[in-house]
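Novice: Using only what follows, build the 3D model:
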Amino acid sequence: MAKKRTERQKLIDRLDELWRIVDVQTQVCEVCETLPPELRFDYSKIDNHHIVGRGNKLLRWDTRNRARLCTGHHTLSSKNAQENQGGWFFNDFTDEDWMGTYRLEDKKYLMERRYQTKNWSIFELRELLSKMKEKLKNPDADEYSDSIVSFLS
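Specialist: Got it, this is the predicted structure:
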């Protein structure tokens with residue numbers, strides 16, 4: 001017999017879905033855009049990558065913690081963000097990585113928050129879902145906030 005999903009799990013699933021699409025500015029790989037044409041991958045599928053792993057509940061649905069990557073730069077090539085070999089994508093000790101070069105403000109923001117924890121209440125999850133839905137309906141409205149943390153402050 002299938003286990004009944006709780007309201008919390010339903011909210012988390014819906015937030016995960018919306019995080020993938022809210023505030024999406026591009027349908028191309030962010031890394032490929034920074035490379036000369038001959039070094040770009042030719043993948044049409046774009047993945048959403050959690051820069052700080054989705055296990056970090058504070059940053060899980062924060063759009064500053066998302067990179068839009070082709071399948072090659074996300075998981076398939078020898079130089080992919082998922083495994084981050086040699087720290088080329090995100091390196092704790094230098095800003096001479098991809099994030100430091102192309103998204104330095106986001107990197108600083110994520111570095112400040114990556115070890116913070118958050119236990120979302122049902123009320124907070126509902127509020128976040130409501131804000132994300134509103135932003136999806138009206139992308140030009142007030143910022144979804146660069147940080148999901150700020151809406152609770």
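Novice: all strands in this protein, in order from the N-terminus.
Specialist: 46-50, 66-70 (DSSP state E).
Novice: Of those strands, which is nearest Val22?
Specialist: Within the strands of the chain, the stretch nearest Val22 is strand 66-70; the backing value is 9.4 Å (C-beta to C-beta). C-betas here are computed from N, CA, C, even on glycine.
Novice: Same list as before, the strands of the chain that is, but in JSON lines and with mean pLDDT included.
Specialist: Formatted as JSON lines, these follow (pLDDT from 0 to 100):
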{"stretch": "strand 46-50", "mean pLDDT": "95"}
{"stretch": "strand 66-70", "mean pLDDT": "95"}
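Novice: okay, these, which one's buried deepest?
Specialist: Mean neighbour count (mean count of other C-beta atoms under 10 Å) peaks for strand 66-70 among the strands of the chain, with a mean of 22.
Novice: hang on, the earlier thing: please name whichever of the strands of the chain is nearest to Gln27.
Specialist: Closest among the strands of the chain, using C-beta to C-beta: strand 46-50, at 5.9 Å.
Novice: for the protein, which spans come out with low pLDDT?
Specialist: 1, 141-153 (pLDDT under 70).
Novice: Spatially, what comes nearest to the most centrally placed residue in the chain if we skip its sequence neighbours?
Specialist: Compute the mean C-alpha point of the chain, and by C-alpha atoms, centre = their mean the closest residue is Arg66, 2.0 Å away. Leaving out its chain neighbours, the residue that sits closest to Arg66 by C-beta to C-beta, 6 or more residues apart in numbering is Asn48, at 5.4 Å.
Novice: tell me the contacts of the one you found?
Specialist: Asn48 makes contacts with 19-20, 66-69, as judged by C-beta atoms under 8 Å, 6 or more residues apart in numbering.
Novice: re the thing from before, who wins for proximity to Ser121 among the strands of the chain?
Specialist: strand 46-50 (22.0 Å).
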